[in-house]
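Asker: need a 3D model of the following:
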Amino acid sequence: MTNKGNYYITTAIAYASGKPHIGNTYEAVLADAIARYKRAEGYNVFFQTGTDEHGQKIQEKAEAAGITPKEYVDDVAGQIKDIWDQVHTSYDKFIRTTDADHEACVKKIFKKLYDKGDIYLGAYEGLYCTPCESFWTESQLIDGKCPDCGREVKPAKEDAYFFKMSKYADRLIDYINEHPEFIQPVSRKNEMMNNFLLPGLQDLCVSRTSFSWGIPVDFDPKHVVYVWLDALTNYITGIGYDPDGSTDQFNQFWPADLHLIGKDIVRFHTIYWPIFLMALDLPLPKQVFGHPWLLQGGEKMSKSKGNVIYADDLIRLFGLDATRYFVLHEMPYENDGIITWDLVIERFNSDLANVLGNLVNRTISMSNKYFDGVVRATGATEAVDDDLKAVVTSTIAKTQEKMKSLRVADCISEVFALFRRCNKYIDETEPWVLAKDEAKHDRLAEVLYNLVESITIGASVLHPFLPETAEKIAEQLNTTLRDFEDCDKFGLYESGKKVTDNPQILFARLDAKEIMPKIAEIQAAQKAEYEAEQARLNGTAAAEDEEVIDIEAKEEITFDDFMKMQFQVGEIIACEAVEKSKKLLCSQVKIGSQVKQIVSGIRKDYSPEEMVGKKVMVLVNLKPAKLAGVLSEGMLLCAEDAEGNLSLMTPEKDMPAGAEIA
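Answerer: Residues are numbered from 1 along each chain as shown. A predicted model of the protein is given here:
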């Protein structure tokens, strides 16, 4: 295979505050698919991932657990690495920011920037978000809360070292304008330019004194290095950067070809990080890609709700490659993706079992039934073969074009288009009919050869995404996976080879009725674990996101006032978004024998699809009114937490639509 040069890819390092859910794991799988694809193309790939282990949040969690921060991160980093290994992440290095060589290099970097005059001692007084490890000004807050995560911020005042961000701002703006590929997708670039760079950068706080869990500043040890300066430098320390003289590996692989990160940390990677590199006189990475999020049913994952989906649970229920397939195939290029247990089951059955698994099993079974497993090219071709071969041999070029812009989901769709074309080819050629005519046995052999050859090529292109499945296919076809350079050539499968006489089903169809009770057990265990953890830490089972909320009391009403209001159970039978509004949903609610139309401002918390079938509590005798031009004939009752998240009030037991609430 032609050597196409070096390729350095990184993920963001996972924050070691807890076990990563599937949304966190998605990034590792995505990076792995890209790394494997690049290796298959002939690149010398170095793939780095790891854990971010310093900061106030971790120190507080360790204190609450009654252990040292190092003991805490050792445990969590082990969990993260185990999950990454379970999903077969083919990293070349797993870096930890508590690694001795990383910590030593960060101290040198801080001192170099200080000696250069880019870091100076000052004092900070502002608003601090502990989960994000970020300082904010009053004007940067959104509704008085952190603009990144929406949580509460607290006043903070302390001596701190600052980095002169504005010194490099114009240079960075010019670089971004001259390198349109640097920040992708384009929407992320526009956000960084318009919201941060063009309005002007403030100097950045790069040290803290209010906590101790971090890398000490060598020449002023009461300060620890700000977590983002510490964490971001992993991309260069992990491959051998040293201000006193870097390794051959660093010189070989830097600048990075791709930093793959979540969209929530684009600012740190496309503003802070390149400016740090400019100050160090190092070239900037070639591209930073801010991928979207994977959300559970459109809402935030929370253990207290029992709705967190973890990779190890998915693997246990569906298998490794089914898990990889879902997170890679279901994530849009730019917008957030949705994961639900129901959707995983549906994709497993429709794509993996029906399209791919059934194709491989049918092909091998027919080869055994009609020719004792021997696959022969006979030359008995027909016109229908040409279209199959055209689709198959063009697949590699199509995926390579998609991969240039990191459209991984589209790459997988192209491979499955090949498999679907094979299934169509079986319907077109009808091998079972050909088998009845002795004169057409050469044609039958050619059809089966074409299928085996097509599946071999498809499996070869599939390998970076579903490596285990691709290797199983090749094994059952008694062949090896092709180099990408040969995936546009048809006819390389050796005529006369014998496929396995004991084909294994790659993906057996699932029965949701058998899977859902297992999912219910997972959810119940999550809730129990969460409540036990809260009881241990706080002496109570109250969850953090279910804290007590006091609201301003309204004027007292009489019993007669209350009796004027009619509350009933309603069942939502249809729901759609209100066209002229970003907040409203319009539901058709069955209440007894009537159906009322009710408009509610709950679109950010519920999708129309998940509303259908819900039993809800309804104020039915509210005077009708128009909202955004749509008539509303009642009100759905909701609870609202301190962060403005809404939860529909539903009856604890299954009650019929129309039941009175008294």
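Asker: the longest helix along the chain: which residues count as buried?
Answerer: In the chain, assigned by DSSP state H, the helix with the most residues is helix 512-538. Buried positions in helix 512-538, judged by neighbour count with 16 or more other CB atoms under 10 Å: 515, 519, 522, 523, 526, 527, 530, 531, 534. C-beta: built from backbone N, CA, C; applies to glycine.
Asker: likewise for stretch 80-90?
Answerer: 80, 81, 83, 84, 86, 87, 88, 89, 90.
Asker: now do that stretch: distance to the chain's middle.
Answerer: 14 Å (CA atoms, centre = their mean, to the nearest Å).
Asker: picking up where we left off before, could the buried residues of stretch 80-90 be laid out in CSV, adding distance to residue 596?
Answerer: Below are the buried residues of stretch 80-90 laid out as CSV (distance: CB to CB, whole Å):
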residue, distance to residue 596
80, 49
81, 54
83, 47
84, 50
86, 49
87, 47
88, 52
89, 51
90, 56
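Asker: what helices or strands is the longest helix of the chain leaning on?
Answerer: helix 311-318, helix 341-347 (3 or more CB pairs under 8 Å, 6 or more residues apart in numbering; DSSP states H and E).
Asker: can you pull the buried residues of the shortest one?
Answerer: Taking 16+ other CB under 10 Å as the neighbour-count basis, helix 341-347 is seen to contain the buried residues 341, 344, 345, 347.
Asker: report all helices and strands that it contacts.
Answerer: Checked by 3+ CB pairs under 8 Å, 6+ apart, helix 341-347 has helix 320-329, helix 512-538 packed alongside it.
Asker: which pLDDT does the model give the residue of the chain positioned farthest from its centre?
Answerer: Largest separation from the mean C-alpha position in the chain: residue 439, at 54.1 Å (CA atoms, centre = their mean). In this model, residue 439 is scored at 97, pLDDT.
Asker: and it, helix, strand or coil?
Answerer: The local conformation at residue 439, judged by DSSP: H, G, I helix; E, B strand; the rest coil, is helix.
Asker: where does the protein have its least confident helix or strand?
Answerer: helix 559-563 (a mean of 66; mean pLDDT, DSSP states H and E).
Asker: where does the prediction get shaky in this structure?
Answerer: Along the chain, the model assigns pLDDT under 70 to residues 298-300, 302-306, 536-561, 642-643.
Asker: circling back: would JSON lines of the buried residues of helix 512-538 with distance to residue 187 be doable?
Answerer: What follows is these, written out as JSON lines (distance: CB to CB, whole Å):
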{"residue": "515", "distance to residue 187": "37"}
{"residue": "519", "distance to residue 187": "34"}
{"residue": "522", "distance to residue 187": "35"}
{"residue": "523", "distance to residue 187": "34"}
{"residue": "526", "distance to residue 187": "34"}
{"residue": "527", "distance to residue 187": "37"}
{"residue": "530", "distance to residue 187": "35"}
{"residue": "531", "distance to residue 187": "40"}
{"residue": "534", "distance to residue 187": "38"}
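Asker: partner strands of the helix or strand residue 127 falls within and their direction?
Answerer: Element membership of residue 127 [criterion: DSSP states H and E] is strand 119-129. Within its sheet, strand 119-129 is paired with strand 134-136 (antiparallel), strand 154-163 (antiparallel), according to DSSP bridges.
Asker: residues touching the shortest one, excluding its own?
Answerer: Residues from elsewhere that reach strand 134-136, judged by CB atoms under 8 Å, 6 or more residues apart in numbering: 124, 126, 127, 128, 129, 146, 147, 148, 153, 156, 205.
Asker: and the helices in the stretch 351-500 of the chain?
Answerer: Applying DSSP state H, counting those that start in this stretch to the stretch 351-500 of the chain gives helices spanning 358-371, 383-404, 408-429, 431-434, 441-462, 467-476.
Asker: what's the answer for the stretch 151-300 of the chain, then?
Answerer: Under DSSP H, counting those that start in this stretch, the stretch 151-300 of the chain gives helices at 166-178, 186-192, 227-232, 234-237, 248-253, 266-267, 273-279.
Asker: put together JSON lines for the ones you listed, with distance to residue 52 on each row.
Answerer: Formatted as JSON lines, these follow (distance: least, CB to CB, whole Å):
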{"stretch": "helix 166-178", "distance to residue 52": "23"}
{"stretch": "helix 186-192", "distance to residue 52": "21"}
{"stretch": "helix 227-232", "distance to residue 52": "4"}
{"stretch": "helix 234-237", "distance to residue 52": "8"}
{"stretch": "helix 248-253", "distance to residue 52": "20"}
{"stretch": "helix 266-267", "distance to residue 52": "16"}
{"stretch": "helix 273-279", "distance to residue 52": "13"}
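Asker: right, and those helices - which one's nearest residue 26?
Answerer: helix 266-267 (16.2 Å; CB to CB).
Asker: which pair in the buried residues of helix 512-538 has the greatest spatial separation?
Answerer: Taking CB to CB as the measure, these have their most distant pair in 515 and 534, spaced 29.0 Å apart.
Asker: out of the helices and strands packed on helix 512-538, flag the one nearest residue 356.
Answerer: Short answer: helix 341-347, nearest of the helices and strands packed on helix 512-538 by CB to CB, at 11.5 Å.
Asker: name the residues that touch that closest one?
Answerer: Taking CB under 8 Å, 6+ apart as the rule, helix 341-347 contacts 309, 314, 318, 322, 325-326, 329-330, 510, 512, 515-516, 519.
Asker: same question for stretch 325-335.
Answerer: 22, 25-26, 29-30, 33, 185, 187, 291-292, 294, 314, 318, 337-339, 343-344, 347-348, 351-352, 405-410, 412-413, 465-466.
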